[in-house]
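Q: Just to be clear, the model below is a prediction. Sequence and coordinates:
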Amino acid sequence: MRELWKRSFLHPSRFYARIIQMYIFIINPNEFNKEFVQYLDYCRRLRFDEEPDYNYCRNLFKDCFKRMGYETDNVYDWDIIAKAKKIELNTIN
């Protein structure tokens with residue numbers, strides 16, 4: 001992430017503000033959860049030379065995942081898409 005803002009020619013605070021704007025545009029505000037806000041706030045407060053607390057960040061999203069009632073099934077979107085493309089290719093051939 002740090003490398004990304006270096007290439008963007010934006011000051012880090014403006015860069016993160018842009019990211020927040022993009023997420024608010026993409027995500028339905030009614031489904032906006034507190035963990036996501038906490039994560040962005042945490043990232044915004046990090047100093048450039050500070051090492052992120054990855055466990056804290058991961059746990060924010062794990063807690064959100066559980067709170068929203070999801071279960072870990074180890075099936076990911078990219079697996080579903082790849083399987084669908086494979087089926088589509090097999091039906092064409």
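A: That came in fine, so what should we check first?
Q: drop to CA atoms for contacts and neighbour counts, all remaining ones
A: Fine.
Q: which residues sit in contact with residue 57?
A: When contacts are counted by C-alpha atoms under 8 Å, 6 or more residues apart in numbering, residue 57 touches residue 39.
Q: how far away is the residue nearest the centre of the chain from residue 79?
A: Closest residue to the average C-alpha location of the chain: residue 36 at 8.4 Å, with C-alpha atoms, centre = their mean. Separation of residue 36 from residue 79 (C-alpha to C-alpha, to the nearest Å): 25 Å.
Q: What residues of the one helix or strand residue 59 maps to count as buried?
A: Using DSSP states H and E, residue 59 sits in helix 54-67. Using 16 or more other C-alpha atoms under 10 Å as the test for burial, helix 54-67 gives 57, 60, 64.
Q: Which one of those residues is nearest to residue 50?
A: Top of the list for closeness to residue 50, among the buried residues of helix 54-67 and by C-alpha to C-alpha, is residue 57 at 14.4 Å.
Q: which residues touch the helix or strand hosting the residue nearest to the centre of the chain?
A: Taking DSSP H and E as the criterion, residue 36 maps to helix 34-45. Contact with helix 34-45 is made by 13, 16, 20, 52, 57, 60, 61, 64, as judged by C-alpha under 8 Å, 6+ apart.
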